[in-house]
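Asks: Kindly return the folded structure for what I paste below:
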Amino acid sequence: MSGHGHQLSDEEAAAIFEPPSWDERYSGPEKVWSGNPNAQLVAEVAGLTPGTALDVGCGEGGDVIWLARQGWRVTGADFSANGLARAARHAEQAGVADRTDWWQVDARTFTAGGRSYDLVTSHFLHPPDGGMVAVTRRLAGAVAPGGHLLVVGHAPSEVFTHLTASQRRAMFVAEDLLPGLPDDFEALVVEQRPRTTTRDGVTVDIHDSTLLARRTS
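Replies: Here you go, the predicted structure:
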């Protein structure tokens, strides 16, 4: 997504956020992601009692597999059919297929449809034009009373100047998401957490925008 040789048109930039773009990314032979669980998921969920979980934007299933190994019953949701197919294969290879389900759905339009989960989580989902506030509201609708919502994303940074303008505008700080929390949610963590990662062989410092909230009723 960073190798564009020309300035993207509005149409091309918008296409990056649509299912066909991600189906194409997941159509090759190589893994797109490391398969390791996201750092903030491990930090916040390790102390929770396992129950049911929904991971929205699950991609190749790394977080789903980690949660299942911790004893959770997990539904992985994504709008990419190819991504979900990969995730299901990875879960089978990891020996947790019996603790996982898969749901093809677009986070921007989905509704819980009567389903509820003890944990709803989403990592590095970045819809354009500030759309993550509305997505947060939709995610909150799937949280069971007493359950938790964890949303993590990239905080704006000069580290991401290689991305398109649309991608950079889609980044957020945790405070931006607070309007998406219904009245019966209590925000427990609202912060940008530093993390070191490697990109193209170079170590870089970034920040994870982290929102953890609990549904009180």
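Asks: Let me see the ranges of the strands in the protein.
Replies: Counting by DSSP state E, the chain has strands at residues 52-56, 73-78, 100-104, 117-123, 143-154, 185-199, 202-215.
Asks: Next, the angle from the third one to strand 52-56.
Replies: Our comparison of strand 100-104 with strand 52-56, counting by axes from the mean of the first three to the mean of the last three Cα atoms, to 10 degrees, yields an angle of 40 degrees.
Asks: middle-most residue in the protein, spatially?
Replies: Relative to the mean C-alpha position of the chain, the nearest C-alpha, by Cα atoms, centre = their mean, is the one of residue 123, at 2.5 Å.
Asks: before we move on, the earlier item: tell me which of the strands of the chain approaches residue 177 most closely.
Replies: Closest of those to residue 177 is strand 202-215, at 5.0 Å (criterion: Cβ to Cβ). Placement of C-beta: from N, CA and C, glycine included.
Asks: Which residue, other than its chain neighbours, is closest to residue 85?
Replies: The spatial neighbour of residue 85 that comes closest, neighbours along the chain excluded (Cβ to Cβ, 6 or more residues apart in numbering), is residue 26 at 7.9 Å.
Asks: rewinding a little: is the residue nearest to the centre of the chain bridged to anything, and to what?
Replies: Residue 123 has these beta-bridge partners by DSSP bridges: residue 152.
Asks: Run through the residues that contact it.
Replies: Residues counted as contacts of residue 123 (Cβ atoms under 8 Å, 6 or more residues apart in numbering) are 38, 40, 41, 55, 57, 63, 152, 153.
Asks: I'd say the last one and residue 126 touch.
Replies: Yes - taking Cβ atoms under 8 Å as the definition, residue 153 is a contact partner of residue 126 at 6.0 Å.
Asks: Compare these two (neighbour count), which wins?
Replies: Set residue 153 next to residue 126 and count neighbours by other Cβ atoms under 10 Å: residue 153 wins out with 24 against 20.
Asks: From residue 136, how far out is residue 212?
Replies: Residue 212 sits 12 Å away from residue 136 when distances are taken as Cβ to Cβ, to the nearest Å.
Asks: Overlap in contacts, these two.
Replies: residue 149.
Asks: Please say which of these two ends up with more neighbours.
Replies: Taking neighbours as other Cβ under 10 Å, residue 212 and residue 136 compare with residue 136 leading, 27 against 21.
Asks: That one: what's its closest spatial neighbour, skipping adjacent residues?
Replies: residue 180 (3.1 Å).
Asks: Residue 215 now?
Replies: residue 143 (4.7 Å).
Asks: can you pull the contacts of that neighbour?
Replies: Taking Cβ under 8 Å, 6+ apart as the contact definition, residue 143 lies against 116, 117, 119, 120, 149, 185, 215.
Asks: what do you get for residue 88?
Replies: Under the criterion of Cβ under 8 Å, 6+ apart, the contact partners of residue 88 comprise 61, 97, 100, 102.
Asks: switch to 6 Å and redo it
Replies: By Cβ atoms under 6 Å, 6 or more residues apart in numbering, the contact list for residue 88 reads residue 102.
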